[in-house]
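K.L.:
okay, sequence plus prediction incoming.
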4 protein chains.
Amino acid sequence: MASQATFRAAVAGASGYAGGEVLRLLLAHPAIEIGALTGGSNAGATLGELQPHLWPLADRVLEPTTPETLAGHDVVFLGLPHGQSAAVAEQLGPDVLVVDCGADFRLHSAEDWENFYGSPHAGTWPYGLPELPGGRKALEGSKRIAVPGCYPTSVSLALFPAYAAGIAEPEAVVVAASGTSGAGKAPKPHLLGSEVMGSMSPYGVGGVHRHTPEMTQNLSAVAGERVAVSFTPTLAPMSRGILATCNVKAKPGVTAAQVRAAYAEALDGEPFVHLLPEGQWPATSSVQGSNNALIQVAFDENVGRIIAIAAIDNLVKGTAGGAVQSMNIALGLPEELGLPQTGVAP
Amino acid sequence: MASQATFRAAVAGASGYAGGEVLRLLLAHPAIEIGALTGGSNAGATLGELQPHLWPLADRVLEPTTPETLAGHDVVFLGLPHGQSAAVAEQLGPDVLVVDCGADFRLHSAEDWENFYGSPHAGTWPYGLPELPGGRKALEGSKRIAVPGCYPTSVSLALFPAYAAGIAEPEAVVVAASGTSGAGKAPKPHLLGSEVMGSMSPYGVGGVHRHTPEMTQNLSAVAGERVAVSFTPTLAPMSRGILATCNVKAKPGVTAAQVRAAYAEALDGEPFVHLLPEGQWPATSSVQGSNNALIQVAFDENVGRIIAIAAIDNLVKGTAGGAVQSMNIALGLPEELGLPQTGVAP
Amino acid sequence: MASQATFRAAVAGASGYAGGEVLRLLLAHPAIEIGALTGGSNAGATLGELQPHLWPLADRVLEPTTPETLAGHDVVFLGLPHGQSAAVAEQLGPDVLVVDCGADFRLHSAEDWENFYGSPHAGTWPYGLPELPGGRKALEGSKRIAVPGCYPTSVSLALFPAYAAGIAEPEAVVVAASGTSGAGKAPKPHLLGSEVMGSMSPYGVGGVHRHTPEMTQNLSAVAGERVAVSFTPTLAPMSRGILATCNVKAKPGVTAAQVRAAYAEALDGEPFVHLLPEGQWPATSSVQGSNNALIQVAFDENVGRIIAIAAIDNLVKGTAGGAVQSMNIALGLPEELGLPQTGVAP
Amino acid sequence: MASQATFRAAVAGASGYAGGEVLRLLLAHPAIEIGALTGGSNAGATLGELQPHLWPLADRVLEPTTPETLAGHDVVFLGLPHGQSAAVAEQLGPDVLVVDCGADFRLHSAEDWENFYGSPHAGTWPYGLPELPGGRKALEGSKRIAVPGCYPTSVSLALFPAYAAGIAEPEAVVVAASGTSGAGKAPKPHLLGSEVMGSMSPYGVGGVHRHTPEMTQNLSAVAGERVAVSFTPTLAPMSRGILATCNVKAKPGVTAAQVRAAYAEALDGEPFVHLLPEGQWPATSSVQGSNNALIQVAFDENVGRIIAIAAIDNLVKGTAGGAVQSMNIALGLPEELGLPQTGVAP
């Protein structure tokens, strides 16, 4: 280890769920030294009050999110509300690796951005999903990373093998269940424990969820044609995890063996995305706390449809783990460095 | 009340979740007197040991499930393993109302039954989903009722308005999340609290779940053509409830207004199935303990698809409540008699 | 039923958990007609938006909480923040039955009130725990009822038999686990589903919880001497329920048989408070949605201590059910009228 | 790392919760190479089928638990049913470090063992709770380790500072809430998700839980006099975690400052047991997946009682983490090596 270069990283938005999870991973990362931690309204508080599970950092005090506090780091992770990342990144300059866990730089289409986010488009950064075709190359040496949304991560990983192999029609029906941490730490009535425990509910139904154009963008790029996505997110009574059930019509003549071969080939050698043995289906508990995505696929011959299911931890592979994995690539470190491949279960 | 006729009801399988829920509802039913309670391996135990929430019946002792113990009742509810209902019903004779919470008599097609259940087909009884077109008529005066499966109840209620109005293509993609009580009370490792809490997982993927042909049967009858169903059930970390997300392609030219009108018309006047006001989506907690099904529908114009979502309590509208509602109709009682329309929330 | 007098009831604070549960019970109450529903910041909204589980009232609109909207009812239930009940009650006049689900009128001691609530003492109303010695008599014909706190209800029911029989030393150690609905519906970060699911945590430790003097008051009255209570509340990952574990030293010479006899005698004939058969312990799921309190007691001879445990639904017997039960007594109705004795489980 | 000696470890009982958690920790341990994995009825299955969260070991096949499969390791972890460890340990010989996660060798008193476990006493091994006075010394160089029970770990850590400082009377009242994984992976009806979700329930009440004599043993050794423990365990609706609320009478004249000082001193410098800042209380979520124990203490002057609360992860500090920590000491490795100090939250 001693021979490994060490990079100094700051985390802006350290009191939120994304920022906290970045810190949990960085604490175990052998090439990272944790620098400044900043917050908005929480500046001045200790991390121990806000993130009591991050014991080794309990005495650290949150600083305000300013250019001064974030200066002097090799890497800066941003866990900020939409629309704030561009200004911060500009102030940090072009030599600092800026990893944005927010949405600002994910979409190529300014029109999509404006339709779904209602503000001017800030631009597009290299996209932090290395497993997509060409994904790693786009991240190597980059100084800017747009971390994907948690739902698009799960759905893109579940479906890109089918589109890469050309075996699926360009219309996907997706229903995903997410743990409540995906909705963040700002208290709202419908996120109270009393409301979510023992209950499943949908939201953002009918193509209005902001992650929809991101899924379309990813899958269309792989398919070489526009892939329409009908996406329904649901809130599940658990803190973490996404289970994405993706259902697409197979192209005429496709066989079950071809489906399996497409997935085996596309995921072969991936360090964090694993096709399960036939007959075994993924549970979100199996990836809790880990950077893994577990994938399984079935071909329903009666209806000619492919059902691909992915389980990820929304805060790890879906956010902070994807961020660190992409950072590793951008910094020239081993891609798996410091990232957990075992889940915390039961 | 005193002027109301009273019927005497027995429950076979009173120690299970279905039987227990039938009893919970019958305890509040003004026209029912609870008679014999029977069990298999639990015969001899008190109900207080097995169903401690049914306090008024705590001292009742389970009898063995025999023709003798079930004789002398006006109504017999069966909560038995597959394949046992036919023999019991035959022994009870044609004048006793037999309400089968199991699957034995749900399917019309002997071939479907044999493919999915692997045993000889016992026959077909009037189907206990009054809301389907012609559903009430089939139950009036009947002495046999096949209570629908919990998933088919939710999916049929969510989609029949679209097929009745002729606005949907005959292929449905369904992803449903169920509470663990749907899997019954027999202890299995994957149903342990340690395994299910904090986790979502799929099962029976790829068209192999036994409720699939039942959905196809119901929706095809409404549509007047064969409706293919691609059904994926998932296990959610909650005891009760089903959230069924149903996604179908709209027929060409269909508009959002037509979709809403189809649902408003189909559900108008239904005592237990309610179309929510626009913008409000159903949560399973809202129907916990109640016989209601809450429905909402959206039309995604970008992809031309209708998304209909139903929330039910799998043990009430999905099993015991549907059973009692159908019993009411068969006995000539008011359909709503004794059935809760308020949920227990939060 | 037709011969039964009907009373018209208003609910102030109908958008909260207490108010919603009062409404759930009143909907099933044969002698109550539901009148005005009022709210604070939620006035103008429909109940369907705020309490979607109360389907039969979905179209009702919340009115502001004013003397005018609450006038003209026989009964007014108050689910208001501390300190507001006195003024409302005064405006309603002495002939209206006012049932206060808040704390304002529970304590006899002005000093205790001021120490724990930090405001002037409003007075003391008849206390709505009929099972305590003299409890029913105090409520008969009363026009004012102070509904007990949820924790004091559980602890008083678990321990009063020991103190009534004179078998316990006057110092009680109590640890109670509560579902999150006890903390109300106002969104706070520590009550988010993400925070409470999968986690147990204590709060108000060291004698500072406001329910402590209420427990002391109740148990001291029964014991005829001051009973010190060391009370630790904990937050459990569930929406409803209180499990109160109460541990007291037995007086010298007390035997296990005496302990059991004391409980059997004290709870004999109670409609809602039940001593379980020996060997069976209460679970909160068994009383979910019901007005029952399930009690069990053990005598640990090695340490000479009595362990009494109560399970209640904090929103029913702990709040709204206790309120309706006391209302029944005050109005001269049968005490059990309209109150559920079966739980919703699993 | 390269300079660090590497030890080869086998795990007997690798399909259970304790064995799985040992493996999760060993996978991250830089000085351990994982050798044989054995199971009972699960021999022949892959670990991927049984513990899908342990991805890096998914292809490993469970061998039968025999002397042959366990031979040739430096360390053997035993996660076996009670009564089997002695025979296995004997066959392994005196030079192998045997770490028993079971109860067989925890108790000094053969009488206690026989009373609580109903079988002959196998003996006593060095006890794996290094934080107790003299605890580390007893483990250094040892070839046998008895891993403490999960409840005794939490209670001993919460109360030993009070007894070490001589400020507490020798009678402790303890109520602890445990996640369901503490009850193991063998399926039983009362451990089904349907039964435990949304419910709290006690068990083993009245001094009959097997962990009671172990707590008495630990605390009595610290206090220098027999400490009576009245212990009530409860089952909480979560997979992991123990929250132990411990309540003891302070000796006459003890002050709040003395209480705090006793805890600060006793826990000073401990790597895994931490006294929280005043005003902050521990939640089990904060230690999920970590080897930390978080402690807080209050002195209730009104009743003269000390309330000490500990939160641990029952599978980590309460079982596998305690085992690895003790192994580190026995092998002469740094005590913290490979053990997580950050929790997985939310």
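P.N.:
That came in fine, so what should we check first?
K.L.:
how about the residues of chain A by chain C?
P.N.:
Residues of chain A lying close to chain C by Cβ under 8 Å from any Cβ of the partner chain are A:17, A:179-181, A:183, A:185, A:187-189, A:191-198, A:237-239. For glycine as for every other residue, the C-beta is placed from the backbone atoms N, C-alpha and C.
K.L.:
could you redo the last one with a cut-off of 7 Å?
P.N.:
Within chain A, the residues that sit near chain C (Cβ under 7 Å from any Cβ of the partner chain) are A:180-181, A:185, A:187-189, A:191-194, A:196-198, A:237-239.
K.L.:
tell me the contacts of the residue nearest to A:K143 when sequence neighbours are not counted?
P.N.:
Using Cβ to Cβ, 6 or more residues apart in numbering or on different chains and skipping residues adjacent in sequence, the residue nearest A:K143 is A:L97, 5.3 Å away. Each residue near A:L97 by Cβ atoms under 7 Å, 6 or more residues apart in numbering or on different chains is listed here: A:D74, A:V75, A:K143, A:M327, A:A330, A:L331.
K.L.:
any idea which of those is closest to C:L57?
P.N.:
Comparing the contacts of A:L97 against C:L57 with Cβ to Cβ places A:M327 closest, at 53.2 Å.
K.L.:
sticking with that closest one, tell me its helix or strand.
P.N.:
In this assignment (DSSP states H and E), A:M327 forms part of helix A:321-331.
K.L.:
buried sites along that helix?
P.N.:
A:G321, A:G322, A:A323, A:V324, A:Q325, A:S326, A:M327, A:N328, A:I329, A:A330, A:L331 (16 or more other Cβ atoms under 10 Å in any protein chain shown).
K.L.:
ok, residues contacting it?
P.N.:
A:7, A:22, A:25, A:29, A:75, A:77, A:97, A:99, A:101, A:128-130, A:136, A:139-142, A:145, A:147-148, A:153, A:272, A:291, A:334-335, A:337-339.
K.L.:
give the rounded mean pLDDT of it.
P.N.:
Average pLDDT, helix A:321-331: 98.
K.L.:
tell me how far that helix lies from the chain's centre.
P.N.:
Mean-position distance between helix A:321-331 and its chain equals 11 Å (Cα atoms, centre = their mean, to the nearest Å).
K.L.:
dump that helix to PDB, keeping only the CA atoms.
P.N.:
Only the C-alpha atoms of helix A:321-331 are listed here, as PDB (Å, rounded to 0.1, in the frame of the first residue of the first chain):
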ATOM      1  CA  GLY A 321     -20.000   3.100  -5.300                       C
ATOM      2  CA  GLY A 322     -20.600   4.000  -9.000                       C
ATOM      3  CA  ALA A 323     -18.900   7.400  -8.200                       C
ATOM      4  CA  VAL A 324     -15.900   5.800  -6.600                       C
ATOM      5  CA  GLN A 325     -15.600   3.100  -9.300                       C
ATOM      6  CA  SER A 326     -15.600   5.900 -11.900                       C
ATOM      7  CA  MET A 327     -13.100   7.900  -9.900                       C
ATOM      8  CA  ASN A 328     -10.800   4.900  -9.800                       C
ATOM      9  CA  ILE A 329     -10.900   4.700 -13.600                       C
ATOM     10  CA  ALA A 330     -10.400   8.500 -14.000                       C
ATOM     11  CA  LEU A 331      -7.400   8.500 -11.600                       C
END
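K.L.:
partner residues bridging the residue nearest to A:K143?
P.N.:
Taking DSSP bridges as the rule, A:L97 bridges to A:V75.
K.L.:
so who does the nearest residue to A:A283 once chain neighbours are set aside touch?
P.N.:
Distance criterion Cβ to Cβ, 6+ apart; nearest residue to A:A283, sequence neighbours excluded, is B:S201 at 3.7 Å. Taking Cβ under 7 Å, 6+ apart, we find B:S201 in contact with A:L243, A:W281, A:P282, A:A283, B:T234, B:L235.
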